[in-house]
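**Student:** got a predicted structure plus its sequence, pasted below:
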Amino acid sequence: MNPPLSPIELDGPIPTSSRKRTASAISPPLVPPSSDDTTPRILSRRCHRVNNAAASVWGPDIPVTLKPAADDVTNAPPAPASTIPPAPFNIYRSLLRHPNLFFQFALRLPLDSAINLYAIDKEFHYLFNKYSVSILHDYARYWAPISSHVFTWILFPHLCISDPMLRPMNDRVWLARDVPSWRWVGMVLHRQTIVRGILSSLTLSGCGALPSPTESMLCKFWLLVEFKHTHQRQSFLQDTDIWSDADILLFHLFLVKLDMRLTHPILGNAPCGLSHLMLNQPSLTTLHDLLTGKVGDVRYPDLVPLMLRTYPMDTFDLLAFPYLDDEEITGVDEEDWNILGKEGWSEFGGAMELALDCVLNEGLRRELHAEQLLLEFVVFGHGDRLSRKWRKGAREYEGGFGRGRKNVIREVEERFGLVEKKEVKENEESGAEEMDLSM
């Protein structure tokens, strides 16, 4: 007896429907791609970012560990024991990632070290760009407090760059604002070094110590020299908020000390006219190199190019020195003759007043009478006790710079009939009252 037939054998094969898939349709056979397929295939990707070059020196990066939430801690399964050793402690990375110590760390870096880290370390580069304006301002004020205040970056647009974070301007949002750069910081530090070097050279050469405000006065004079028009220089000097009367007198004191240094019998280089030449150059670096001896022994032929660029040709004695108008001998083109005494430092500019003469004329305009203090300028800085004793003795002496000096002037005016005797007596009484108040 044969076994009964199965339902498949009775009814035959089950017809397939269009809405159903057969078992073979679930995993279709792999068909090799045809040669007509033009879809590009990525074989490899090139990394355009350079690896951290400072990793070999400062160590690998510290992995960031995030604290899980409270619910995750209670329901989380126990973490398996890891066989990876923990990363060693990196003090440099820790300082960078600390919200407060990073700024203090960046401010105290030397200029060369800060620029090197900015160039090779990506993390330091990004953090610095994010807070570039505040860091550069604080950095300049930390290392050069006076120079950074006088030589503000607004006056030097060629030393500015676009904001690295592309922060827009206030009025033109489609443009990135200008911010100070490392070049401005380098310029500020360089000028502070030059100014302090000049003052130190004068002090060490025996001319006497100068007061501390002289540094800011020299910085403002350096800024005055860079103005290329007379009206700019005069407007800058006539602003009493910038140039006070004390600054004008300090400049006269500095000029006397500089002449004492240049006419020194042993350390001197030339007569007093050399100070007028050096202070009218576009930069005080020339004067610094002269005082510190970086240029060696300076002789008259070495100063000829500076003189031709500073003074007009009619001030020279061409009969005694006929080679001064020879371009091949002096090395100065005719277009550059008296270029520093012309408006805009241009060949076709009009006559411009030199910076040193502007300061002296401003003192005359304010009627400061600096010529009455020349002797005090000479002895200033040679010991505080000696200076105070000398001033006290000068006031007590009848023919000195105290009360007797005014009497001598009044006697001369009376003798030549410039004033009447009655006016002289009134002036003496008023002068005595002023001296009593001052004493």
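**Tutor:** Cool, the structure landed. Numbering: from 1, shown residues only.
**Student:** give me the neighbour count for the closest residue to Val304 other than its chain neighbours.
**Tutor:** Closest residue in space to Val304, ignoring its immediate chain neighbours: Thr330 at 5.4 Å, by Cβ to Cβ, 6 or more residues apart in numbering. For glycine as for every other residue, the C-beta is placed from the backbone atoms N, C-alpha and C. Neighbour count of Thr330, defined by other Cβ atoms under 10 Å: 17.
**Student:** how close does Thr330 get to Leu249?
**Tutor:** The spacing between Thr330 and Leu249, counted by Cβ to Cβ, to the nearest Å, is 38 Å.
**Student:** wouldn't the residue nearest to Val304 be in contact with Pro305 here?
**Tutor:** Yes. In this structure, Thr330 is within contact of Pro305 by Cβ atoms under 8 Å, at 6.2 Å.
**Student:** shared neighbours, those two?
**Tutor:** Counting by Cβ atoms under 8 Å, 6 or more residues apart in numbering, Thr330 and Pro305 have no common neighbour.
**Student:** domain parsing for this structure?
**Tutor:** 199-377, 408-439 (automatic domain parsing).
**Student:** can you tell me which of these comes nearest to Leu101?
**Tutor:** Checking these against Leu101 by Cβ to Cβ gives domain 199-377 as the closest, at 31.6 Å.
**Student:** now do the closest one: distance from first to last residue.
**Tutor:** 15 Å (Cα to Cα, to the nearest Å).
**Student:** and for stretch 345-356?
**Tutor:** OK, stretch 345-356 end separation, Cα to Cα: 16 Å.
**Student:** what sits up against it?
**Tutor:** If you take Cβ under 8 Å, 6+ apart as the criterion, stretch 345-356 is touched by 221, 224-225, 227-230, 233-234, 255, 276, 279-280, 310, 312, 335-336, 339-343, 361.
**Student:** would you mark the buried spots in it?
**Tutor:** Buried positions in stretch 345-356, judged by neighbour count with 16 or more other Cβ atoms under 10 Å: 352, 354-356.
**Student:** what's the average pLDDT for the helix or strand harbouring Thr193?
**Tutor:** Element membership for Thr193 (DSSP states H and E) is helix 182-202. Mean per-residue pLDDT for helix 182-202: 93.
**Student:** repeat for stretch 251-270
**Tutor:** On average, the pLDDT along stretch 251-270 is 83.
**Student:** buried set for that stretch?
**Tutor:** Within stretch 251-270, judged by 16+ other Cβ under 10 Å, the buried ones are 251-262, 269-270.
**Student:** ok, now stretch 133-151?
**Tutor:** Buried-residue list, stretch 133-151, by 16+ other Cβ under 10 Å: 135-140, 143-144, 146-148, 150-151.
**Student:** now stretch 194-213
**Tutor:** Across stretch 194-213, burial judged by 16+ other Cβ under 10 Å covers 194-199, 201-202, 205, 207-210.
**Student:** which stretches of the stretch 301-439 of the chain have low pLDDT?
**Tutor:** 383-439 (pLDDT under 70).
**Student:** part of a strand, is Ile161?
**Tutor:** Yes. Ile161 sits within a strand when classified using DSSP: H, G, I helix; E, B strand; the rest coil.
**Student:** so who does the closest residue in space to it that isn't next to it in sequence touch?
**Tutor:** Distances taken as Cβ to Cβ, 6+ apart place Ser181 nearest to Ile161, at 4.5 Å, with adjacent residues excluded. Counting by Cβ under 8 Å, 6+ apart, Ser181 touches 136, 159-161.
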